[in-house]
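K.L.:
Show me how the following folds:
(2 chains)
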Amino acid sequence: MGLWEDLFGKQKQNIIKNKETAVNKSLDKNLEIIREMLVDCSDVVYREITIGCDDKFKAALIYVDGLVDKHLINDFVVENLMIYSRITPPSTKTIKKELSTIIKDKNLAVMEMKEVENIEAAVFDVLSADTILILDNYEKIISIGSKGWAGRSISQPETEAVIRGPKEGFVETLRFNTALIRRRIRDTRLKFKPYKIGRRSKTDVCIAYIEDIVNKDVLKEVKRRLETIDIDAIIDSGYVEQLIEDNWKSFFPQIKSTERPDVISAELYEGKVAIIVDNSPFVLVVPTTFNSMMQSAEDYYERWGIATFIRMLRYLGVLLSLYAPALYIAITAFHPEMLPIKLSMSIAANRAGVPFPSVLEAIIMELALEILREAGVRLPGPIGATIGIVGGLVVGQAAVEAGIVGPIMVIVVAVTAISSFAIPSYNLAIGFRLLRFLLILASAVLGLYGVMLGTLIILTNLCSLKSFGVPYLSPFTSYVKQSSDLKDTFVKAPFIGLGVRNTVSDKNQRKRMNDIRDEDFNEEEGS
Amino acid sequence: MQNNNDTISINQLIFILMLTMVGTGILTLPRNLAEVVPYDQWIILLAGGLLALSIALIHGSIVKLSPNKQYFQTLCDALTKPIAYVVGFAYIIYLTVFIALITRTFGEVIKAFLLAKTPIEVINVSILAVSVYLARRGIEVLARMMEFIFPIIILFSIFIFGLSFLESDFLNLLPVFKIEFNDIIKGLPVTLTSFVGFEMILFFGGYLDKPQNAMKSYRAIIAVLCFYLLVVIATFSQFGPIQMKYLVWPTIDLFYTIRLPGLFIENVQVIVMGLWILAIFSTIAPMHLAAVTMAESLTKSKDQAYLAAPFLPIIYFISIVPENISENYEMISKYTNYFSSIMIFVIPLIILVSLVIQKKLRRKVQINA
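P.N.:
Model (predicted):
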């Protein structure tokens, strides 16, 4: 960029300037300005009313239809202004000047209210689902918090279902999401810092952290990166993720996203930072390591033995989903002597009728699998399941009988697919899906040696990644320095062993649990 | 939190040193020892290890005396600038040739055991390309990578060597304590060859976060010495000294003898080859990066990433100079006997002496002032 600026001068900055128009004294003038700004916006509702028994004071209410809680506006704003102001004292004669104060303090029975001083801010409030009340002869506009749109209610997260554990997931409304987190962290030190990102969309983005546990460097870095975002609109947290991640060239996700409030609050207690984006049920967590992507919420709710076992299975799943087809090609095409002779013979016999080299066989099957998977996602529920069965069983069987692929290849592909579903993080699994093809090609050219070279490249890439300053593969790449972090990796220590936070968290707040139980709860006293 | 770029801890440096050393020696050490003496090879190994240890201490104290300085800077301080340029360039040549010879050995082994029909050029260039990919990313990535690879190599090799003991005959190790002093002296260069790689501390010592700990690098030598003792005992107890002389790669032949009923994989040589690739890569990559950092200091460039790739063709062309594998080995032994000993022993000693004298002088000046 520096060179560009040297050669061609600074690029024109395309920022919309914030104009500020002061609120006019006259109601009609204000309305005129606002109408002009919101011309052709058919969703905006204007309501002009008069206040007081002798219709002396004019006022207007403006809101966006569909976004506001109409019940609240009708029952506690309009009714109060139009009806009660006429029948209850003080009468309009006694209050000439402080009408606005009286309305604010005594008349409007709503909780959220504020005053804005310029028209742009007021219009922005209207667009973000507040209702504004403009009074005649008053230089401020009253903005009434009336957010109340129809949203999806809290339901079970579909992408991260658990057998045991809370069944509620985040929704699209930011406020519900912060509430879900607050319910789990009743601590004054839990902070929600608001941002507005997107020049046009002005999306609410909120970073959550626990003040004294959070890693200060990470927090500073998150704030810095959020402030550098300059984009017209943020549609989903995926936008934010890709705009603030460390390395966009890599196949691996460097920011974890989850739908589960229990996961987010556990991560906050570990000293991480959560980024909540309005209109997205996926909340981001930084810094993220490979290890934390391999964990599932349920690991912590079940006993340590099974959790450890399942985690090891997941790592095995990663290896299988990455290597199975590549190893199959390397063995059949280059090193058949690797396997026991009988197995080798049976593979060769099975493949005898197949006209393609094993790499083509593998690529055909893997591509077919990817297409089936994509088709299954697009189709509605019951049909999606049918596609899986039809595709997996029928096409696979038919392909084997037709002699296009060998039966072992079908097994390999099936194992690959199933293993990749065992990876708890969907976006990590995507990375491995792509890299699998790299390894297939490498093994087709150089056999086992190619597979090893591919591994080295992937490993180098993984080692070079950092998520907000934390190495992606830690603690596996720093087990000497951070040996205490190993307790929660592919082994999950018994719960009482997890008494110390990860080294990501603040140094002074590492201890989280004291073991003050007796040696044995069953031991009888005095015996 | 490791936000700061380009610093490594002493532990990470030890991992780098260990893996660099292992790759150079593991394949041929037993045969080289067998050529020197028919028995008591482990005594030579111990002696060579002690020698390496003392040299490592010299290197450690150099790093300690000039903390947080690139090796070239140290050279400048100790030997004046013009000489430093010459010596720095010599180091680059030394590393380049060494990588080339190792790459050649590597290519020959892969060709013999995995890819009989693939031209050796492809094998050499591809591993060098991966090494370039790593060298572009700098010291921190290398350190993390080595720490990650280390347990894999150690676990698998102990497992495999353990299996090999099932069929070995420890009588092959007899007799003991019959070795003559002259033989030990004769064997020293051979063993020292297997420890080449610990000079990496000179190049990477400037990145240490706590340079005062540099002396701890001796641990790497001790660990590798133990590993080599395991290798030597395993191979000699399996083959005996006479057969050993006629084996090109005794360590790999050792794994061929392993036969386990009921094992899913017919022969463990596949795992061994995987390990072998890892081990050699972890020797080539640090040396490559060391050469790149040296070149970076010499050319005063700010970004080392662009300097990594130009080494590839140079290393590759040197690697195909030897006509065959025996010529390659001859070159390695001559090369390490003369050039290596100068580069890793004589020059560091001179530097150390110069640094110590300078320090004394400075102190004297301070006292006088």
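K.L.:
Can you report phi and psi for residue A:138?
P.N.:
Residue A:138 adopts backbone torsions of phi -140, psi 130, taken as degrees, to the nearest 10.
K.L.:
Not including adjacent chain positions, what is the nearest residue to it?
P.N.:
residue A:100 (4.8 Å; CB to CB, 6 or more residues apart in numbering or on different chains). (C-beta placed from N, C-alpha, C; glycine too.)
K.L.:
That neighbour belongs to a strand, doesn't it?
P.N.:
No - under DSSP: H, G, I helix; E, B strand; the rest coil, residue A:100 sits outside any strand and is assigned helix.
K.L.:
So what's the residue count around it?
P.N.:
18 (other CB atoms under 10 Å in any protein chain shown).
K.L.:
Helices along the stretch 1-150 of chain B, start to end?
P.N.:
B:10-25, B:29-36, B:41-65, B:71-79, B:81-113, B:120-135, B:139-164 (DSSP state H, counting those that start in this stretch).
K.L.:
er, the stretch 101-250 of chain A actually
P.N.:
A:119-127, A:174-184, A:216-227, A:237-244.
K.L.:
Which secondary structure state does residue A:42 sit in?
P.N.:
Per three-state DSSP, residue A:42 ends up coil.
K.L.:
isn't residue B:27 right up against residue B:249?
P.N.:
Yes - look at residue B:27 against residue B:249 with CB atoms under 8 Å: they come within range, at 5.3 Å.
K.L.:
what pLDDT does the residue of the stretch 51-200 of chain B found nearest chain A get?
P.N.:
The stretch 51-200 of chain B approaches chain A most closely through residue B:144 (3.7 Å), counting by CB to the nearest CB. Note on residue B:144: pLDDT of 92.
K.L.:
Over to residue A:13?
P.N.:
pLDDT, read off for residue A:13, is 49.
K.L.:
How about residue A:22?
P.N.:
83.
K.L.:
If you average pLDDT per helix and strand, which one of chain A comes out bottom?
P.N.:
helix A:2-8 (a mean of 52; mean pLDDT, DSSP states H and E).
K.L.:
So which residues on chain B come close to chain A?
P.N.:
B:1-3, B:9, B:11-12, B:110, B:114-115, B:118, B:122-123, B:126-127, B:130, B:133-134, B:137, B:141, B:144-145, B:147-149, B:151, B:264-267, B:270, B:273-274, B:277-278, B:281 (CB under 8 Å from any CB of the partner chain).
K.L.:
Could you pick out the buried ones from those?
P.N.:
Buried members of those, counted by 16 or more other CB atoms under 10 Å in any protein chain shown: B:1-2, B:9, B:11-12, B:110, B:114-115, B:118, B:122-123, B:126-127, B:130, B:133-134, B:137, B:141, B:144-145, B:147-149, B:266-267, B:270, B:273-274, B:277-278, B:281.
K.L.:
coming back round to it: the more surrounded of residue B:27 and residue B:249?
P.N.:
residue B:27 (24 against 21).
K.L.:
which is the next helix or strand following the least confident helix or strand of chain A?
P.N.:
For helix A:2-8, the following helix or strand on the C-terminal side (DSSP states H and E) is helix A:27-37.
K.L.:
and that following helix, what other elements does it pack with?
P.N.:
Other elements packing on helix A:27-37 under the criterion 3 or more CB pairs under 8 Å, 6 or more residues apart in numbering or on different chains; DSSP states H and E are strand A:44-51, strand A:57-64, helix A:119-127, strand A:131-135.
K.L.:
can I get the ones you listed in JSON lines with mean pLDDT, mean neighbour count and distance to residue A:422?
P.N.:
Output for these, formatted as JSON lines (pLDDT from 0 to 100; neighbours: other CB atoms under 10 Å in any protein chain shown; distance: least, CB to CB, whole Å):
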{"stretch": "strand A:44-51", "mean pLDDT": "89", "mean neighbour count": "16", "distance to residue A:422": "51"}
{"stretch": "strand A:57-64", "mean pLDDT": "90", "mean neighbour count": "21", "distance to residue A:422": "46"}
{"stretch": "helix A:119-127", "mean pLDDT": "90", "mean neighbour count": "20", "distance to residue A:422": "45"}
{"stretch": "strand A:131-135", "mean pLDDT": "90", "mean neighbour count": "24", "distance to residue A:422": "50"}
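K.L.:
quick one: which of those is nearest chain B?
P.N.:
With CB to the nearest CB, the closest approach to chain B among the helices and strands packed on helix A:27-37 belongs to helix A:119-127: 37.2 Å.
K.L.:
what comes into contact with that closest one?
P.N.:
A:18-23, A:30, A:33-34, A:37-38, A:44, A:62-64, A:116, A:132, A:134, A:141, A:143, A:202 (CB atoms under 8 Å, 6 or more residues apart in numbering or on different chains).
K.L.:
and if you look at stretch A:300-310?
P.N.:
Residues contacting stretch A:300-310 (CB under 8 Å, 6+ apart): A:162, A:164-165, A:266, A:296, A:298-299, A:490-495.
K.L.:
Separate out the buried members of the residues you listed.
P.N.:
Buried among these by 16+ other CB under 10 Å: A:162, A:165, A:266, A:296, A:298-299, A:492-493.
K.L.:
Check which helix or strand the residue in the stretch 151-300 of chain B positioned nearest to chain A maps to.
P.N.:
Of all residues in the stretch 151-300 of chain B, the one sitting closest to chain A is residue B:277 (4.3 Å; CB to the nearest CB). For residue B:277, the host element (DSSP H and E) is helix B:269-299.
K.L.:
Now the element after that helix, going C-ward?
P.N.:
That would be, after helix B:269-299 and using DSSP H and E, helix B:305-308.
K.L.:
Just the C-alpha atoms of whichever strand or helix holds residue A:268, please, in PDB.
P.N.:
Using DSSP H and E, residue A:268 sits in helix A:261-269. Written as PDB, here are the backbone C-alpha positions of helix A:261-269 (Å, rounded to 0.1, in the frame of the first residue of the first chain):
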ATOM      1  CA  PRO A 261     -24.100 -19.600  25.200                       C
ATOM      2  CA  ASP A 262     -22.700 -22.100  27.700                       C
ATOM      3  CA  VAL A 263     -19.600 -22.500  25.500                       C
ATOM      4  CA  ILE A 264     -19.200 -18.700  25.200                       C
ATOM      5  CA  SER A 265     -19.500 -18.200  28.900                       C
ATOM      6  CA  ALA A 266     -17.000 -21.000  29.600                       C
ATOM      7  CA  GLU A 267     -14.600 -19.400  27.100                       C
ATOM      8  CA  LEU A 268     -15.100 -16.000  28.800                       C
ATOM      9  CA  TYR A 269     -14.200 -17.600  32.100                       C
END
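K.L.:
elements contacting it?
P.N.:
Right, helix A:261-269 is packed against helix A:174-184, strand A:203-210, strand A:273-277, strand A:283-286 by 3+ CB pairs under 8 Å, 6+ apart.
K.L.:
Dump these into TSV; add mean neighbour count, distance to residue B:188 and mean pLDDT as well.
P.N.:
TSV is the format used below for the helices and strands packed on helix A:261-269 (neighbours: other CB atoms under 10 Å in any protein chain shown; distance: least, CB to CB, whole Å; pLDDT from 0 to 100):
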stretch	mean neighbour count	distance to residue B:188	mean pLDDT
helix A:174-184	18	66	94
strand A:203-210	22	60	94
strand A:273-277	25	57	95
strand A:283-286	26	54	93
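K.L.:
can you put the ones you listed in JSON lines and add distance to chain B?
P.N.:
Converted to JSON lines, the helices and strands packed on helix A:261-269 look like this (distance: least, CB to the nearest CB, whole Å):
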{"stretch": "helix A:174-184", "distance to chain B": "24"}
{"stretch": "strand A:203-210", "distance to chain B": "15"}
{"stretch": "strand A:273-277", "distance to chain B": "13"}
{"stretch": "strand A:283-286", "distance to chain B": "13"}
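K.L.:
Good, wrapping up.
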